[in-house]
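Trainee: Show me the folded form of this:
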Amino acid sequence: MSGYTKLFESILESTVWLESPPVKVVWITLLAMADRDGCVEASVPGLAKRAGVERPYCEQALAKFLSPDPDSRTPDHEGRRLEAIPGGWRLLNYETYRERATKEEATNKATERQRRKRERDKALQGVTAVTNHAGHAIAEAGKQEAGSRKAESSTEGPPEPAAKEWGWALQPDQVTPHKVSPLEVIAVWNETVTSPIPKASRLTPERTKRITARLVSYPNLSDWILVIGWLNRQAWCRAPGTGNHPTWTATLDWLCKSDDNVQKHLEQAQAHGSAAPAAKPRTVGGVMSAEETDRYRKNLRKLS
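Mentor: Residues are numbered from 1 along each chain as shown. As a prediction, the model looks like this:
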């Protein structure tokens with residue numbers, strides 16, 4: 001059964017590191033062969049073979065590890081490093097170092113989780129700014145449309161509902177300027193594209209690298225809203241069933257493959273106007289609903 005032993009840098013300060021190269025090699029081999037309890041099952045010739053040293057050197061190393069070491073930094077067991085057991089040896093103080101390694105690993109994992117949480121929170125703060133701004137813009141758009149319908153109507157009809165569920169999209173010129181993250185680009189993609197164009201299910205390292213590289217040249221979220229909305233409406237991006245690639249669909253990875261690709265389609269989108277994306281956050285009475293805001297944030301968390 002394969003195992004893993006953490007090698008601490010402090011070994012460079014131990015008396016083992018003052019020994020001859022064969023002795024050091026045998027010690028490292030013992031560490032690599034030890035099980036979770038610090039036991040090594042081997043014979044002297046077998047250990048010598050695994051360490052790649054001649055048997056006399058292996059016997060010399062074992063004698064040192066089984067003997068007291070007055071200069072050892074660990075006073076336990078009079079500085080001995082090994083004890084003989086049936087079928088091999090046991091590394092003394094192995095459990096102490098194993099617990100130390102476990103604590104360090106747990107600390108490192110906790111630090112990494114905190115770092116990722118800070119990145120997610122930072123991204124969500126930007127999204128919150130966008131969605132809040134969108135709520136005001138949608139409310140104003142709803143009022144303007146209601147006023148237009150009233151002015152154009154020549155006959156009286158049933159009154160409009162007090163709270164209408166709008167499906168208006170966030171327009172590119174309604175975005176509050178802020179530092180855009182890859183998570184937000186994916187969120188815009190997933191909120192905009194409709195089947196058969198696939199959504200981006202995860203923020204993978206390669207996808208993060210691609211989007212981050214594109215954000216250097218295209219840092220404005222309004223550009224991404226514009227180009228993604230335009231691509232979503234193009235028949236050739238939606239498995240058209242004709243041509244050389246009848247089943248091909250646009251993907252976020254394809255869009256972000258190069259600056260030239262983004263620029264090409266952004267220019268086409270700008271030339272043909274900035275019609276709203278097909279899918280977008282929904283509101284009730286012109287205000288972003290709590291349900292939609294929670295869903296939008298949960299989608300971001302799933303990607304991280």
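Trainee: Can you give the contact residues for whichever strand or helix holds residue 267?
Mentor: Element membership for residue 267 (DSSP states H and E) is helix 259-271. The contact list for helix 259-271 (C-beta atoms under 8 Å, 6 or more residues apart in numbering) reads 213-214, 217-218, 223, 226-227, 229-231, 254-256. Backbone N, C-alpha and C define where each C-beta goes, glycine included.
Trainee: Quick check: strands, which of the residues you listed are part of them?
Mentor: Within the contacts of helix 259-271, no residue falls in strands by DSSP state E.
Trainee: Now the buried members of these.
Mentor: Neighbour counting over the contacts of helix 259-271 (16 or more other C-beta atoms under 10 Å) leaves 214, 218, 223, 226-227, 229-231, 255-256 as the buried ones.
Trainee: got TSV for these, with distance to residue 92 too?
Mentor: Shown next, in TSV, are the buried ones among the contacts of helix 259-271 (distance: C-beta to C-beta, whole Å):
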residue	distance to residue 92
214	56
218	61
223	64
226	68
227	65
229	67
230	69
231	66
255	60
256	55
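Trainee: Can you show me the strands along this structure?
Mentor: Per DSSP E, the chain carries strands over the ranges 39-41, 82-85, 88-91, 165-166, 283-284, 287-288.
Trainee: tell me the average confidence for the last one?
Mentor: If I follow you right, that is strand 287-288. Strand 287-288 carries an average pLDDT of 40.
Trainee: Kindly report the same for stretch 186-196.
Mentor: For stretch 186-196, mean pLDDT is 91.
Trainee: and if you look at stretch 242-249?
Mentor: Across stretch 242-249, pLDDT averages out at 87.
Trainee: Contacts for it, please.
Mentor: Under the criterion C-beta under 8 Å, 6+ apart, residues 196-198, 236-241 lie in contact with stretch 242-249.
Trainee: and those residues, which are buried?
Mentor: Buried among the contacts of stretch 242-249 by 16+ other C-beta under 10 Å: 197, 237-239.
Trainee: quick one: least confident of those residues?
Mentor: Scoring the buried ones among the contacts of stretch 242-249 by pLDDT puts residue 239 last, at 89.
Trainee: thought that residue was touching residue 198?
Mentor: No: using C-beta atoms under 8 Å, residue 239 makes no contact with residue 198, being 10.6 Å away.
Trainee: about what we covered before: out of the contacts of helix 259-271, which is nearest to residue 181?
Mentor: Closest approach between these and residue 181, by C-beta to C-beta: residue 214, at 12.3 Å.
Trainee: ok, that closest one to residue 182 distance?
Mentor: 9 Å (C-beta to C-beta, to the nearest Å).
Trainee: ditto for residue 88
Mentor: 52 Å.
Trainee: Read off the pLDDT value for residue 37.
Mentor: pLDDT, read off for residue 37, is 82.
Trainee: Which residues are in contact with it?
Mentor: 90, 94-95.
Trainee: and if we set it to 10 Å?
Mentor: 90-91, 94-95, 98 (C-beta atoms under 10 Å, 6 or more residues apart in numbering).
Trainee: Please identify the buried residues of stretch 251-269?
Mentor: 251-252, 255-256, 262, 265-266, 269.
Trainee: who's in contact with the residue nearest to residue 52 when sequence neighbours are not counted?
Mentor: Computed as C-beta to C-beta, 6 or more residues apart in numbering, the closest residue to residue 52 that is not its neighbour in sequence is residue 25, at 6.8 Å. With contact taken as C-beta under 10 Å, 6+ apart, residue 25 is in contact with 19, 50-53, 57-58, 61.
Trainee: Can you give me the distance of the residue nearest to residue 42 when sequence neighbours are not counted to residue 51?
Mentor: Among residues not flanking residue 42 along the chain, residue 88 sits closest, at 5.1 Å (C-beta to C-beta, 6+ apart). Distance, residue 88 to residue 51, by C-beta to C-beta: 14 Å.
Trainee: Residue 264 now?
Mentor: Going from residue 264 to residue 51 by C-beta to C-beta gives 61 Å.
Trainee: now the chain, which segments are flagged as low pLDDT?
Mentor: In the prediction, the chain carries residues with pLDDT under 70 at positions 1-10, 13, 73, 96-106, 123-178, 273-304.
Trainee: what ranges do the helices span in it?
Mentor: 21-33, 44-51, 55-66, 94-152, 182-192, 205-217, 221-232, 252-255, 259-271, 290-303 (DSSP state H).
Trainee: got the contact list for the third one?
Mentor: This means helix 55-66. With C-beta under 10 Å, 6+ apart as the test, helix 55-66 has contacts from 15-16, 19-27, 29-30, 44-54, 80-84, 89, 91-92.
Trainee: In PyMOL, how would I select just the buried ones from those residues?
Mentor: To isolate the buried ones among these in PyMOL, judged by 16+ other C-beta under 10 Å, type:
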select buried, resi 16+19+22+23+24+25+26+27+29+30+47+48+50+51+53+80+81+82+89+91+92
